[in-house]
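Asks: Predicted model and sequence follow; I will ask about them next.
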Amino acid sequence: GAVVSQHPSRVICKSGTSVKIECRSLDFQATTMFWYRQFPKKSLMLMATSNEGSKATYEQGVEKDKFLINHASLTLSTLTVTSAHPEDSSFYICSAPISGRGNNEQFFGPGTRLTVL
Amino acid sequence: GDSVTQMEGPVTLSEEAFLTINCTYTATGYPSLFWYVQYPGEGLQLLLKATKADDKGSNKGFEATYRKETTSFHLEKGSVQVSDSAVYFCALKDGGSTLGRLYFGRGTQLTVWP
């Protein structure tokens, strides 16, 4: 099946610094990618929809200036957590659907564990 | 709006026991329904899906039937194995969206003991 990778898998940073997380579709092109945040023992919360060549669409309550999303190519979307704080510590997951697939399947990356000290 | 309510865990079973994880949904229109599985340290993987009422999705011995009358999509397996230990997520996608977002339940942790 299709593969989505994320890098890094784990990152620890100091409060106030910025962290960039990459999401790549390895064997297919993705005009749309989704960024989720997963809290312990809670569901995945959609943060934003990343659109290649245009601005991301953010969900209500998600600060677009804090969580910068760039979808620079058909295989890469990046999420930058700016001026990170301990409350930003979480598991961030991206996914990408394959356009044209009748089964509407989405493929998920393995996730990035962010810890802000 | 669209939402998914999933049975809370954790669920602990002995090997070969019967498994049911309940999932109900609220949606306008005709959503597609999914079960995803997340093994320790890995990303979510699609386990099975159903796109219309009365469809039954099945994979690896797991089954779920799309019940419109009860707005449910319960996951079942007749005989679980230790390797089935994982977190299971029920999800829906709005029927009117081709590349749309998924709405997830909270996830149910399943642990199977030998």
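Replies: Happy to help now that I have it. Numbering: from 1, shown residues only, chains lettered A, B, ... in the order given.
Asks: Walk me through which strands the least confident helix or strand in chain A by mean pLDDT pairs with, and which way each runs.
Replies: Least confident helix or strand of chain A, by mean pLDDT, DSSP states H and E, is strand A:106-108 with a mean of 88. Within its sheet, strand A:106-108 is paired with strand A:90-97 (antiparallel), according to DSSP bridges.
Asks: how about the helix or strand of chain B with the lowest mean pLDDT, does it reach chain A?
Replies: Each helix and strand of chain B was given a mean pLDDT (mean pLDDT, DSSP H and E); the minimum falls on strand B:102-104 at a mean of 90. Yes. Strand B:102-104 lies within reach of chain A by C-beta under 8 Å from any C-beta of the partner chain, at B:102, B:104. In short, each C-beta sits where N, CA and C put it, glycine included.
Asks: List the buried residues in the next helix or strand after that strand.
Replies: Sequence-wise, the next helix or strand downstream of strand B:102-104 (DSSP states H and E) is strand B:108-113. By neighbour count with 16 or more other C-beta atoms under 10 Å in any protein chain shown, strand B:108-113 contains the buried residues B:108, B:110, B:112.
Asks: just curious, which of the residues you listed is nearest to chain A?
Replies: Nearest to chain A out of the buried residues of strand B:108-113 is B:T108 (C-beta to the nearest C-beta; 10.4 Å).
Asks: Do I have it right that that closest one meets B:P10?
Replies: Yes. The pair B:T108 / B:P10 is scored as a contact, 7.4 Å apart, by C-beta atoms under 8 Å.
Asks: which SSE is the spatially most central residue of chain B in?
Replies: For chain B, the residue nearest the mean C-alpha position is B:W35 (3.2 Å; C-alpha atoms, centre = their mean). Secondary structure from DSSP H and E places B:W35 in strand B:32-38.
Asks: by contact count, what packs against whichever helix or strand comes after that strand?
Replies: The element immediately downstream of strand B:32-38 (helix or strand, assigned by DSSP H and E) is strand B:44-50. Contact analysis of strand B:44-50 by 3 or more C-beta pairs under 8 Å, 6 or more residues apart in numbering or on different chains; DSSP states H and E lists strand A:106-108, strand B:32-38, strand B:56-59, strand B:62-65 as its packing neighbours.
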